[in-house]
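Visitor: I need the structure of the sequence given here:
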Amino acid sequence: MFWEAWDALKQNYVDRSELTDKQLFYGALRGLVAAVDDPYTVFMDPQVTKEFEDDLSGTFEGIGAEIGIKEDILTIVAPLPGMPAEKAGLKAGDKIYAINGTSTAGLNTDEAVRRIRGPKGTQVTLSIFRQGFKAIQDFTITRDSIVVKSVNAKLREDGIYIIEISNFNNDTLNLFNSAVRDVISKNPKGIILDLRNNPGGYLDTAIELASEWIEGGVVVSEKYSDQRLDEHLSRGRARLKDFATVVLVNQGSASASEIVAGALQDYKKATIVGKKTFGKGSVQTMQNLSDGSSIKITVAKWLTPKGRSISDEGIKPDIEVELTEEDYNKDNDPQIDKALEILLTK
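Guide: Sure thing, here's the model as predicted:
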């Protein structure tokens, strides 16, 4: 039947002279993988595979925003700080209904990324709807070189140390370890770990970070279809275990950032403040194919140490604090204000 369909297209399609065997073959693989009906299980051709690898290295050309599928709609998970998407006014939770006038219906995240990215200096137009809009609005964004430094840390004058982590990428662990050493040397009154708009990244890095608060026990478990559990244990350093800590999260906090927040919440090592997280709690493995293509396959779901499903529930904050459109426009941050209140009154 497959070859019947192949031959029918090659013989009858109106522009059949423009069809290539590679085009049909890659299309067939995309359809095969899409048949599992999971937005995070995808086929990636060699070009998309390279772009995915560039993501993890922290350097690429585009608009600087993490996207995902939420309720079957392409959604901005997190605009990266200081990048073109944020400068153009995009926000976590924005729904993308079209890219350069072409509908995003049925588009998987990797194909959407490919369409949104492009050479530095070129433009892409996203048709956006968000809560409070009366109609879809177009945002035209000029692409740029995106170099993501995933950790920023500073000691405030009031003695609170803030560690902002935008992604769990190749550079995260070294930068975070530098921040930990700085915390120990300066002995702050408390720590704010800001994971807002952090779309995730490497599992191992998330476990390493959580282990700086958690001395022993499970950090996260992987639950497979046969109900088997693989438990990932703390690495046991726990250099930050005695520092009062608040973790900030929002609807743009996903994947590895949810692992860290969920683990610290379950062990009562931190107070979680903000909004309920994105709920991207599935485990993907990457199968490389012989021509440079690859398949990302969802193989398991993540569970917090107490067995909560991140995919099903997300991470609910201990203290819910909204950051409104008005707050955003006035450069107010009630979430960090609440974190400071908690730490400075301990």
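Visitor: flag the shaky bits of the chain, pLDDT-wise.
Guide: 55-58, 329 (pLDDT under 70).
Visitor: hmm, who's touching stretch 34-44?
Guide: With Cβ atoms under 8 Å, 6 or more residues apart in numbering as the test, stretch 34-44 has contacts from 26, 29-30, 32-33, 52, 68-69, 108-110, 280, 282, 284, 293-298. C-beta: built from backbone N, CA, C; applies to glycine.
Visitor: how about it: buried residues?
Guide: 38-44 (16 or more other Cβ atoms under 10 Å).
Visitor: repeat for stretch 279-295
Guide: Quick answer for stretch 279-295 (16+ other Cβ under 10 Å): 279-284, 293-295.
Visitor: for the residues you listed, which one is nearest I165?
Guide: K280 (15.9 Å; Cβ to Cβ).
Visitor: that closest one against A254, yeah?
Guide: Yes - between K280 and A254 there is a contact at 4.0 Å, judged by Cβ atoms under 8 Å.
Visitor: overlap in contacts, those two.
Guide: 68, 77, 199-200.
Visitor: and the furthest pair within those residues?
Guide: Largest separation among the shared contacts of K280 and A254 by Cβ to Cβ: G68 and G200, giving 9.7 Å.
Visitor: looking at the buried residues of stretch 279-295, which two lie furthest apart in space?
Guide: It's G279 and S293 that sit farthest apart of the buried residues of stretch 279-295, by Cβ to Cβ, at 28.8 Å.
Visitor: quick check: closest non-adjacent residue to R30.
Guide: Distances taken as Cβ to Cβ, 6 or more residues apart in numbering place F43 nearest to R30, at 4.8 Å, with adjacent residues excluded.
Visitor: ranges for the strands of the stretch 151-300 of the chain?
Guide: For the stretch 151-300 of the chain, the strands defined by DSSP state E, counting those that start in this stretch occupy 151-155, 160-165, 190-194, 218-223, 229-233, 245-249, 271-274, 282-288, 294-303.
Visitor: before we move on, back to that, the shared contacts of K280 and A254 in helices, which ones?
Guide: Among these, none falls in helices (DSSP state H).
Visitor: closest one of those residues to L229?
Guide: The nearest one, if we look at these relative to L229 and count by Cβ to Cβ, is G200, at 20.8 Å.
Visitor: so who does the closest one touch?
Guide: By Cβ under 8 Å, 6+ apart, the residues touching G200 are 167-168, 206, 254-258, 280.
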